[in-house]
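Colleague: Below are the sequence and a predicted model; questions follow.
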Amino acid sequence: NSGNLIRAMSFFRVLVLLLPLPTLQSGQLRTSPARVLSLRHASHAQREDFQWSRTAVNFSADDFQLGDSRIPRHAFVQQGRQGEELPSDVDSLLAKDPIACQAEPENSTRTLLRLLVPPHHGSTALQVVLMSSSKLGTLCSSNVWQCEGKQILKGLGRTSAAESNASLMLETNANYWKLSRPVLLDKRGDGFSGVLEEHDALLRAALPPPMLRLGISQLEPAYIIMYRPLCLWPLSRRGWSGVRDDSEGLARMELKEHEELVEIHKQLSEAGRAPLVISYADLLWNPQFTQRRLERYLPCLGKLDINFVPTMHRDVFPGNQLKLSTGVAEFGNHTDPIACCHYKVGVPSRVQGGCGKQSSLSHPGLGHTGAVIKALYHQERDRMHNALSYLRRFSDI
């Protein structure tokens, strides 16, 4: 009868609530019931994009991994994309870039190369390309996270205030750099406050005894700024977690970091140390051209290898945690810029690349994320546009 049916249905509901939920494996996408319902009414394109998003976050040990950038090994293999097209007048184009050192520097001079890249925006990829040169000295032998000098100071119990002390930084790092090499790399970590003050302090700093014993008397700072176009956020784990948990916070963090890079570029240029500005998109999908730009900016490094992968216990060490399974060129070749990021690859001086209208900090298949860029007020959107336009003036040559 109806009474027994109602009691049976009530018992079933209680039983469902008491049953344990299925355990998701690491990396699986948690899909809410509301999300499933919305997919029932989604367009075909949105369904495909959602399947892409599930693939992109379901990582495994066989992934292509390049620092924080990571893709499943068979996810976005290029389909019929032509090889990179270098313009015939590439040399004249490169003449617009600054030059930081001489091809044959004096034995008494060292170039201190500092990478200015926001966290989780491709700094490891850039560092790996530079490490392909036998003329570069890194801090990786310190066995600290990401080969960053600030991590060495933290390990010694130094405060953040001590990091701005140029003499202390040089004295500490000199124990790990191969000082016989003409270029010494200092990969800067998060935060860009005080870059100009540190630059001035480095020019005045007393060189440590290990440098003096080798006859080094002059240190020449050089800087590379690398920014990431907004639509490339799906390549970053921070991008995925930020879009999922706090899209507005992610958008404002991107705005802050891009505006800081603009201000740093202006300050260093006024000080006579114009940085080289490159785009992470060009590093991945115009690698030969970007390699040529790096080689011209730093002729003291000699020839670079865009396919270089560091060797453990020789170039890098376990404590560095650089998370590498492939080179930059291979990673780019296996990542379709349209499929992953709605990014159109440009041809230097011919066709301007950039994010498509469906991208920014959104993805059409991720209904629960919304258009992150829309989280910003109109004035903030204008500031983001202005910052990116400024940086592109120097990266799109």
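Modeller: Great, that's in hand.
Colleague: Low-confidence regions, the chain specifically.
Modeller: 1-83, 85, 158-164, 189-190, 238-245, 349, 357-375 (pLDDT under 70).
Colleague: can you give me the strands for it?
Modeller: 64-66, 69-71, 109-116, 136-137, 183-187, 218-227, 276-279, 343-344, 354-355 (DSSP state E).
Colleague: now those as JSON lines including mean neighbour count?
Modeller: Any C-beta I mention is one placed from the backbone N, CA and C, and that applies to glycine too. JSON lines is the format used below for these (neighbours: other C-beta atoms under 10 Å):
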{"stretch": "strand 64-66", "mean neighbour count": "23"}
{"stretch": "strand 69-71", "mean neighbour count": "24"}
{"stretch": "strand 109-116", "mean neighbour count": "22"}
{"stretch": "strand 136-137", "mean neighbour count": "23"}
{"stretch": "strand 183-187", "mean neighbour count": "23"}
{"stretch": "strand 218-227", "mean neighbour count": "22"}
{"stretch": "strand 276-279", "mean neighbour count": "24"}
{"stretch": "strand 343-344", "mean neighbour count": "21"}
{"stretch": "strand 354-355", "mean neighbour count": "20"}
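Colleague: and of the ones you listed, who's closest to residue 320?
Modeller: Closest of those to residue 320 is strand 183-187, at 10.4 Å (criterion: C-beta to C-beta).
Colleague: Tell me which strands the closest one pairs with, and in which orientation.
Modeller: Take DSSP bridges as the rule and strand 183-187 pairs in its sheet with strand 109-116 (parallel), strand 136-137 (parallel).
Colleague: I'd like to know which of those is closest to residue 378.
Modeller: Short answer: strand 109-116, nearest of those by C-beta to C-beta, at 28.7 Å.
Colleague: ok, back up a step: residue 303: which of the strands paired with strand 183-187 is closest?
Modeller: strand 136-137 (11.8 Å).
Colleague: List of residues touching the closest one?
Modeller: By C-beta atoms under 8 Å, 6 or more residues apart in numbering, the list of residues contacting strand 136-137 from outside reads 113, 130, 177-181, 183-185, 301.
Colleague: Pretty sure residue 173 sits against residue 141.
Modeller: No - contact criterion C-beta atoms under 8 Å: residue 173 and residue 141 do not qualify, at 10.7 Å.
Colleague: one step back: mind putting the strands paired with strand 183-187 in TSV, distance to residue 379 included?
Modeller: Converted to TSV, these look like this (distance: least, C-beta to C-beta, whole Å):
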stretch	distance to residue 379
strand 109-116	26
strand 136-137	42
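Colleague: Of the ones you listed, which is nearest residue 253?
Modeller: Of all these, it is strand 109-116 that lies closest to residue 253, at 16.1 Å by C-beta to C-beta.
Colleague: tilt between that closest one and strand 218-227?
Modeller: Angle, strand 109-116 to strand 218-227, by axes from the mean of the first three to the mean of the last three C-alpha atoms, to 10 degrees: 20 degrees.
Colleague: Can I get strand 109-116 in CSV, CA atoms only?
Modeller: These are the backbone C-alpha positions of strand 109-116, laid out as CSV (Å, rounded to 0.1, in the frame of the first residue of the first chain):
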residue,chain,number,x,y,z
THR,A,109,83.7,41.2,-15.7
ARG,A,110,80.7,39.0,-14.9
THR,A,111,77.1,39.5,-16.0
LEU,A,112,74.6,39.0,-13.2
LEU,A,113,71.5,37.8,-15.0
ARG,A,114,68.2,38.2,-13.1
LEU,A,115,64.9,36.6,-14.3
LEU,A,116,61.9,38.7,-13.6
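Colleague: Can you show me the helices along the stretch 201-350 of the chain?
Modeller: Taking DSSP state H, counting those that start in this stretch, the helices of the stretch 201-350 of the chain run over residues 209-213, 237-245, 247-270, 280-285, 287-297, 328-333, 337-341.
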